[in-house]
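**Student:** following is a predicted model, sequence given first.
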Amino acid sequence: MLIRFSILSFLLLPFYLYSFNGYISVDYSATEKDWDFMPSITNSFKSSDSSKGEIYMEISNFGIKLTETNFFLELERSSEPKKLDLNANSSNIELLYLFDNKNKSLSLNIGRQEADDQFIDCYSFSSVTIGSCDDARLSISNSKEKYEPLNDTSILMISGSNESIKINFNSIKGLFNLYDYDVFFSFTKNDFNWLTPVEEIILNKGFIYNLGFQGRKLGELIEESLSILPQIANWNTMNIGLESSTYYNIFNDTYLLIEPTLIFVHQDGYSQISEIPNYNVRLKTSIVYAKTNFQMSVYGSIYKNNLYGFENITFNQRSEHHFNSKYGNIGLEVKYLF
C-alpha cells in the first residue's frame, strides 16, 4: 500500500508544487497485547497496526483527498484456528466544496475496503476439531468444483469487503480553543462470504451428521458453529457522528491537540447473536510540532467499544462479542504542506 502511495505522490509532485495548495501525509499506529499502559484487551488479541497515506489538493473552492490505508490484526486463540490474521486494504476518494472564506466545507467520501481471504486449516466446531492439524479428530474434503479455492489443506475460507459513502460538514470556529468540528453521516454495505465442505454434512444429514459425540449428534455441533460464521447476506452499517479538534499552545511551535469523536451506529439487516453497542467514543490526544510546511504528531487514541463503527471489516457474528471492551493505540503522523 505505501509503495503504491509513494509512486502516486512522486508522479503528482509537480502539480502539488506549482498548481495546488494541499498536503501529503503518512500515518502509522499500533498496539500490542503486552503493552501494560494500554486498556485491557480481549484474550485472543495479540497485536494490530495501521498505516495510512493521504494526499490533499485544493484549488479555488474545490478540494480532493485520496487515502490509502492498510489495517492488520493478529489473533491467538485457545481453540482452532489458534492463529488468525486479518489484513485489509482500503481506498477512499473525498471531494470537497469550500465556502465562507474556506472556513466551512461540505464533502462526499466514497470508499472500498477489502480483506485478504482467510484460509483456515483446522476449525473447532464446538468440542470437535476438523481439518488437517494435529488436534483434528476428523479430516473432511470434497471434490465438488465449488470447493476448489480451498486447495488441499484448508477446511474453511472466509472473505470480506465493504463499500461506503460518507457526507461530512466541517466548520472552523476559532472559539474557546475549538479549532474546528465535523458532523458526518456514513452508509456502509458489508459483504462477507465463507466456504467449507463441512456444510455438506448439514445439507445431506447422513451417517456423519448422526454420529454421536459427547451425548450429541455431530451434525448439531457443526450447525451451531456454522451459525456464528459471518452472515452471507449483505447488511448495512449507518453511522452518525460528531468530531471536534482543540489546540493548546505548549511552547513555540509545539501544541497539544485533543480530538474527541462520538458516533452512533445502526446495523440494518444484521442478525446479531449477542448484545452489541449502538455507539462508540474515541478520544485522540496528540503532541504536534508545526512549522510552515511541516508537521509531526505523536498521538494516542482510546476507544470505548473497541473499533466498533471505525473499522467495519472487523465486525461480524464471529467477532461481535469483542466489541464491548476498550481499545487503544499509539501512532506517528508526518505531514508536508505545499
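**Tutor:** Structure received.

**Student:** CA only for contacts and neighbour counts going forward, please
**Tutor:** Will do.

**Student:** what about the strands in the stretch 51-200 of the chain?
**Tutor:** Ranges of strands in the stretch 51-200 of the chain, per DSSP state E, counting those that start in this stretch, are 62-76, 83-99, 104-115, 118-120, 122-125, 128-131, 156-175, 178-195.

**Student:** distance to Asn239 for these - can I get that in a markdown table?
**Tutor:** Listed next are those as a markdown table, based on distance: least, C-alpha to C-alpha, whole Å:
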| stretch | distance to Asn239 |
| --- | --- |
| strand 62-76 | 20 |
| strand 83-99 | 17 |
| strand 104-115 | 14 |
| strand 118-120 | 27 |
| strand 122-125 | 33 |
| strand 128-131 | 38 |
| strand 156-175 | 9 |
| strand 178-195 | 5 |
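
**Student:** CSV please, covering those and showing distance to Asn142, mean neighbour count and mean pLDDT.
**Tutor:** Shown next, in CSV, are those (distance: least, C-alpha to C-alpha, whole Å; neighbours: other C-alpha atoms under 10 Å; pLDDT from 0 to 100):
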stretch, distance to Asn142, mean neighbour count, mean pLDDT
strand 62-76, 28, 18, 96
strand 83-99, 24, 18, 96
strand 104-115, 26, 18, 97
strand 118-120, 16, 20, 95
strand 122-125, 15, 21, 88
strand 128-131, 12, 21, 86
strand 156-175, 12, 18, 92
strand 178-195, 12, 18, 94
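
**Student:** so which of these is nearest Leu262?
**Tutor:** Distance to Leu262, taken as C-alpha to C-alpha, is lowest for strand 178-195 among the strands of the stretch 51-200 of the chain, at 9.9 Å.

**Student:** how far off strand 156-175 does the closest one point, in degrees?
**Tutor:** 170 degrees (axes from the mean of the first three to the mean of the last three C-alpha atoms, to 10 degrees).

**Student:** can I get strand 178-195 in PDB? Just the C-alpha atoms.
**Tutor:** Output of strand 178-195 as PDB, limited to C-alpha atoms (Å, rounded to 0.1, in the frame of the first residue of the first chain):
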ATOM      1  CA  LEU A 178     -12.100  24.900  19.500                       C
ATOM      2  CA  TYR A 179     -10.300  24.900  16.100                       C
ATOM      3  CA  ASP A 180     -13.000  23.000  14.100                       C
ATOM      4  CA  TYR A 181     -15.700  20.500  14.200                       C
ATOM      5  CA  ASP A 182     -17.200  17.900  11.900                       C
ATOM      6  CA  VAL A 183     -20.700  16.500  11.600                       C
ATOM      7  CA  PHE A 184     -21.000  13.400   9.400                       C
ATOM      8  CA  PHE A 185     -23.200  10.600   8.200                       C
ATOM      9  CA  SER A 186     -21.900   7.400   6.600                       C
ATOM     10  CA  PHE A 187     -23.500   4.300   4.900                       C
ATOM     11  CA  THR A 188     -21.600   1.100   4.500                       C
ATOM     12  CA  LYS A 189     -22.600  -2.100   2.700                       C
ATOM     13  CA  ASN A 190     -20.900  -5.100   4.200                       C
ATOM     14  CA  ASP A 191     -20.200  -8.200   2.100                       C
ATOM     15  CA  PHE A 192     -18.900 -11.400   3.800                       C
ATOM     16  CA  ASN A 193     -18.700 -14.900   2.400                       C
ATOM     17  CA  TRP A 194     -17.300 -18.300   3.500                       C
ATOM     18  CA  LEU A 195     -16.800 -21.700   2.000                       C
END
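
**Student:** tell me which other helices or strands that strand touches.
**Tutor:** The contact analysis (3 or more C-alpha pairs under 8 Å, 6 or more residues apart in numbering; DSSP states H and E) places strand 178-195 against strand 156-175, strand 235-251.
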